[in-house]
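Novice: quick one, structure for this:
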Amino acid sequence: MKSIMQKEKKCYICGRKNSLDEHHVFGGNPNRKLSEKYGLKVWLCNDFTPTRCHKEAHEGEHSKTIMESLHKEGQKAFEETHGNREDFARIFGRNYL
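Specialist: Predicted structure coming up:
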């Protein structure tokens, strides 16, 4: 996985190093492909416990908070690496900051 948000393979949220899934910070079409193109991906836990980070990012009780945080951090990483706020909003369709 090529990511501008992480160098080490560990859960972006809790730091665990096993049972991980690659997660595109901006999902759906066309944002999933754009996340891939710009390296906006993180590792998240995906074990079989009810509180795994990957599940919570999609459907758990904390999903809105987690996704808002990932979107903001993803936009910051984009702006540090690829362009400015206007570039991000033009490419991804909105400003999360």
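
Novice: which element follows the worst-scoring helix or strand of the chain on mean pLDDT toward the C-terminus?
Specialist: Ranking every helix and strand in the chain by mean pLDDT, DSSP states H and E puts helix 53-58 at the bottom, with a mean of 72. Later in the chain than helix 53-58, the nearest helix or strand by DSSP states H and E is helix 63-81.

Novice: show me what that following helix is packed against.
Specialist: Counting contacts by 3 or more C-beta pairs under 8 Å, 6 or more residues apart in numbering; DSSP states H and E, helix 63-81 is packed against helix 31-38, helix 53-58, helix 85-92. (C-beta placed from N, C-alpha, C; glycine too.)

Novice: cutoff 10 Å now
Specialist: Helices and strands touching helix 63-81, by 3 or more C-beta pairs under 10 Å, 6 or more residues apart in numbering; DSSP states H and E, are strand 20-24, helix 31-38, strand 41-45, helix 53-58, helix 85-92.

Novice: what about stretch 77-96, start to end distance?
Specialist: By C-alpha to C-alpha, to the nearest Å, the extent of stretch 77-96 from end to end equals 12 Å.

Novice: who touches His23 in this structure?
Specialist: When contacts are counted by C-beta atoms under 10 Å, 6 or more residues apart in numbering, His23 is found next to 1, 3, 11-13, 35, 40-46, 53-54, 57-58, 70.

Novice: go again with 6 Å.
Specialist: Applying C-beta atoms under 6 Å, 6 or more residues apart in numbering, we find His23 in contact with 42, 44.
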